[in-house]
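Student: Model the structure of this input:
(one chain, ligands or ions: 2)
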Amino acid sequence: MKMPTVKYQRGDMVMGRWPGSNLYYEVKVLGLDAKSQLYTVIYKDGTELELKEQDIKSAAGFQSRSRSRSRSPSRRRSRSRSPARTTRRSSSRTAAAVAAAAITESAPSSRRDAKLKDSVEVRLSPLKSEAVAEAVPEKNQGRYNLRRRKDDGDFKSVEAKVEQLEEKEAKLAAATPPSTPLDFGGKIGAYFWLLFLPAWVLFLLLQVNLEDPSLANFPPPLPPLEAFWDVQALGFVILWILFQAVLYILPVGKLSEGMPLRSGERLKYRTNGFFAIVVSSVAVAAAMHKGFDLTYIHSHFLQLTAASFIISILLSTYLYVRSHYAAPEQLALGGSSGNVVYDFFKGHELNPRIKNFDLKFFCEMRPGLIGWCLINFAMALAEMKHQGLNAPSHSMILVNLFQLLYVVDGLWNEEAILTTMDLMHDGFGFMLAFGDLVWVPFTYTLQAYYLVSWPNPLSLPALGAIVTLKLVGFYIFRKSNSEKNAFRRNPSDTRLSHLRNIPTATGKSLLVSGWWGVVRHPNYLGDLLMALAWSLPCGFSHLLPWYYMIYFIILLVHRDSRDMSECRRKYGSAWDEYCRTVRYRIIPRVY
Ligand SMILES: NC(=O)C1=CN([C@@H]2O[C@H](COP(=O)(O)OP(=O)(O)OC[C@H]3O[C@@H](n4cnc5c(N)ncnc54)[C@H](OP(=O)(O)O)[C@@H]3O)[C@@H](O)[C@H]2O)C=CC1
Ligand SMILES: CC(C)CCC[C@@H](C)[C@H]1CC=C2C3=C(CC[C@@]21C)[C@@]1(C)CC[C@H](O)C(C)(C)[C@@H]1CC3
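Tutor: Numbering: from 1, shown residues only. Ligands and ions are numbered 1, 2, ... in the order given. Modelled structure (predicted):
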């Protein structure tokens with residue numbers, strides 16, 4: 001039997017690659033696991049990670065190369081810097097920025113050595129990948145060239161400039177999106193979702209319109225193409241979006257800061273969502289007072305959906321085209337595969353803005369979200385009209401109130417969305433544009449739409465049980481989201497001092513007690529309980545009103561696994577430790 005070779009011994013000081021990057025730090029080998037063939041290494045800040053042999057290089061190789069080229073005191077000094085020290089120097093930097101800064105200081109790149117050579121040439125190439133960096137040296141050399149002063153006494157000022165350029169270099173490196181694994185089934189998956197999602201919305205709307213929407217009647221007949229088009233419906237949708245845009249830009253409400261971007265910059269967001277829903281309600285009441293019949297929304301649902309779909313396609317195309325003019329630090333890590341269809345679907349640019357108008361934030365929080373409540377309300381009126389009622393049914397009232405509470409809470413705590421995955425990591429492309437403008441308003445309203453034709457009387461105990469379920473879910477959802485948001489905004493907040501946390505090499509910590517110590521996604525748990533409370537009022541006669549619950553389980557399980565891989569990449573062994581401590585993902589002792 002062939003014995004595995006042990007290249008590095010316990011106690012060896014070597015250079016270890018930082019997961020997910022091409023950056024190397026000085027690390028100490030703690031041991032080798034014979035079974036997995038992974039080396040356990042420890043970074044200078046105490047972070048332990050398991051690395052493959054190919055992610056480790058001998059420190060001697062790095063240093064001899066460096067030493068032969070430069071004897072600069074600054075280089076000698078900087079060689080001993082650790083990720084932790086770099087973190088302290090600039091606490092607001094992101095993981096990637098910290099990592100990039102550390103490597104330019106402690107790693108042996110020939111780029112760094114070249115800086116203090118006699119001619120003091122400085123090349124600033126993004127550390128996207130070694131292959132890229134090495135393939136373009138001439139170009140970069142031409143762009144960044146520092147001439148050395150004749151007098152050696154000026155050495156210090158040259159050094160200062162080198163340090164400044166290093167800072168810039170680190171920022172550039174941090175800003176350039178490395179390729180991350182493709183999601184949603186990759187390139188083929190992107191084609192599939194582009195066709196499937198609109199087809200699914202169409203199916204839901206046609207099915208719910210059937211005289212008997214049971215699955216036995218699948219597939220619903222397709223209406224003629226003209227049935228989808230209504231210029232007035234398109235006009236209403238455009239008017240609604242413009243109205244919301246005007247409310248968004250009004251200088252009313254707080255200007256909140258987003259999380260630091262890879263470049264270290266923090267964007268500002270006008271968080272006046274609650275104001276927007278209040279003004280929208282007044283405007284709708286005024287329109288009704290002037291004689292506008294809101295049940296138009298029920299009778300023209302298909303046309304309104306089609307109009308929103310057209311707008312989402314136009315918006316996604318605009319977003320994709322403009323992303324080609326964006327600077328590298330403005331691109332999302334996940335939407336830069338180079339494949340047109342995948343990047344169009346997943347979103348290429350992270351925070352597309354027209355001046356201060358943030359398109360992703362606006363679309364996620366305003367037209368669709370507030371539109372959802374408007375549509376639900378219209379369905380309550382349509383139910384009264386169709387069923388000849390003086391007031392909406394109890395089920396309809398519950399669905400309306402529950403979902404209104406969800407939306408109003410989201411708008412009231414609008415700032416909290418700035419620490420969610422969509423805002424921090426996902427690019428803005430078809431998936432979110434379609435999700436925000438079509439999926440949310442026209443499928444999240446399916447329970448209310450269903451109840452218009454299929455009333456479901458509720459007994460008092462059932463009503464009480466459903467309300468209790470909703471309130472429990474809401475409590476868990478709100479408390480856990482607020483806890484994480486408060487911690488991310490100010491980790492030393494005294495109100496959170498009772499909570500334990502695990503420090504990570506990036507400078508951020510992970511909560512390991514409180515809500516985030518119960519399961520890894522307590523907010524998803526609360527959200528799922530609420531989803532259950534939204535479907536229960538519709539009864540069990542059909543599967544259709546349960547669609548949201550089923551979809552939501554799939555969405556959140558997938559989001560959780562996306563988030564797990566992203567956090568594993570970012571936090572390494574600290575994340576593993578968190579997962580060892582908090583064993584369950586969403587449901588305690590179950591999942
Ligand atoms: N109704 C709907 O259709 C949908 C609703 N939602 C809801 O939106 C909300 C936001 O969800 P989502 O953006 O998916 O995820 P989260 O708000 O849970 O954000 C995940 C991020 O939180 C940070 N984090 C994870 N664990 C910890 C910890 N232990 N301590 C501190 N920070 C931690 C990490 O980011 P980092 O460390 O980088 O800060 C991680 O990437 C949820 O309540 C969800 O239920 C979501 C999707 C759809
Ligand atoms: C079309 C795809 C299959 C799925 C698209 C997903 C989007 C619809 C959702 C992604 C995350 C969302 C959030 C909310 C709405 C749905 C989308 C856009 C949210 C704004 C709902 C209100 C909540 O209070 C919230 C926490 C602010 C939500 C944030 C995430």
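Student: Let me see the contact set for Val321.
Tutor: Applying C-beta atoms under 8 Å, 6 or more residues apart in numbering to Val321 gives no contacts. The C-beta positions use only the backbone N, C-alpha and C, and glycine is treated the same way.
Student: Go again with 10 Å.
Tutor: 344, 348 (C-beta atoms under 10 Å, 6 or more residues apart in numbering).
Student: And it, how close does it get to Leu314?
Tutor: 11 Å (C-beta to C-beta, to the nearest Å).
Student: what does Gly371 give?
Tutor: Taken as C-beta to C-beta, the span from Gly371 to Leu314 is 17 Å.
Student: Can you pick out the residue with more neighbours from these two?
Tutor: Gly371 (26 against 11; other C-beta atoms under 10 Å).
Student: Find the nearest non-adjacent residue to that one, please.
Tutor: Once flanking residues are discounted, Gly371 sits nearest to Pro441: 4.1 Å by C-beta to C-beta, 6 or more residues apart in numbering.
Student: So which elements touch whichever strand or helix holds the one you found?
Tutor: In this structure, Pro441 sits in helix 440-443 according to DSSP states H and E. Other helices and strands packing on helix 440-443, by 3 or more C-beta pairs under 10 Å, 6 or more residues apart in numbering; DSSP states H and E, are helix 186-208, helix 301-323, helix 367-387, helix 547-571.
Student: any idea which element Tyr39 lies in?
Tutor: Assigned by DSSP H and E, Tyr39 falls in strand 38-43.
Student: mind listing the strands for the stretch 351-500 of the chain?
Tutor: 353-354, 357-358 (DSSP state E, counting those that start in this stretch).
Student: contacts for the first one?
Tutor: Residues lying outside strand 353-354 but in contact with it, judged by C-beta under 10 Å, 6+ apart, are 267, 322, 330, 359-362.
Student: Most neighbours among the residues you listed, please name it.
Tutor: Among the contacts of strand 353-354, Phe361 has the most neighbours (other C-beta under 10 Å), with 25 neighbours.
Student: Just confirm that residue contacts Phe428, I think it does.
Tutor: Yes - the pair Phe361 and Phe428 passes the contact test of C-beta atoms under 10 Å, sitting 9.3 Å apart.
Student: thinking again about what came up before, helices and strands around the strand holding Tyr39, which ones?
Tutor: Judged by 3+ C-beta pairs under 10 Å, 6+ apart, the packing partners of strand 38-43 are strand 13-17, strand 24-33, strand 48-51, helix 573-581.
Student: Relative to Ser513, which of the strands of the stretch 351-500 of the chain is closest?
Tutor: For Ser513, the closest of these is strand 357-358, at 33.9 Å, according to C-beta to C-beta.
Student: Check which helices and strands the closest one sits against.
Tutor: Where contact means 3+ C-beta pairs under 10 Å, 6+ apart, strand 357-358 is packed against helix 231-249, strand 268-271.
Student: For it, give the mean pLDDT please.
Tutor: Taken as a whole, strand 357-358 has an average pLDDT of 96.
Student: and if you look at stretch 252-263?
Tutor: Per-residue scores along stretch 252-263 average to 88.
Student: interface residues of this protein facing ligand 1?
Tutor: 419-422, 477, 481, 484, 487-488, 508, 510-511, 516, 521, 523-524, 527, 555, 559, 563, 566-567, 578 (C-beta under 6 Å from any ligand atom).
Student: can you do 5 Å?
Tutor: 420-421, 484, 510-511, 516, 523-524, 527, 559, 563 (C-beta under 5 Å from any ligand atom).
Student: So of those residues, which two are at opposite extremes in space?
Tutor: The farthest-apart pair in those, when distances are taken by C-beta to C-beta, is Leu510 and Asp527, at 20.6 Å.
Student: give me every residue that touches the nearest residue to Leu38 once chain neighbours are set aside.
Tutor: In space, not counting the residues next to it along the chain, Leu38 is nearest to Glu50; the distance is 4.1 Å by C-beta to C-beta, 6+ apart. Applying C-beta under 10 Å, 6+ apart, one finds that Glu50 lies in contact with 19, 30-33, 36-41, 572-573, 576.
Student: State the distance from Glu50 to ligand 2.
Tutor: Between Glu50 and ligand 2 the computed distance is 33 Å (C-beta to the nearest ligand atom, to the nearest Å).
Student: Name whatever forms a beta bridge with that residue.
Tutor: Under DSSP bridges, the beta-bridge partners of Glu50 are Thr40.
Student: hmm, back to that, which neighbours do Phe361 and Phe428 have in common?
Tutor: Here Phe361 and Phe428 have 351, 422 as joint contacts, going by C-beta under 10 Å, 6+ apart.
Student: if we can go back for a sec, pipe the strands of the stretch 351-500 of the chain into JSON lines and attach distance to Gly258 and mean neighbour count per row.
Tutor: Compiled in JSON lines, the strands of the stretch 351-500 of the chain are given as follows (distance: least, C-beta to C-beta, whole Å; neighbours: other C-beta atoms under 10 Å):
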{"stretch": "strand 353-354", "distance to Gly258": "11", "mean neighbour count": "12"}
{"stretch": "strand 357-358", "distance to Gly258": "9", "mean neighbour count": "18"}
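Student: mind putting those strands in a markdown table, distance to Gly189 included?
Tutor: Converted to a markdown table, these look like this (distance: least, C-beta to C-beta, whole Å):
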| stretch | distance to Gly189 |
| --- | --- |
| strand 353-354 | 28 |
| strand 357-358 | 28 |
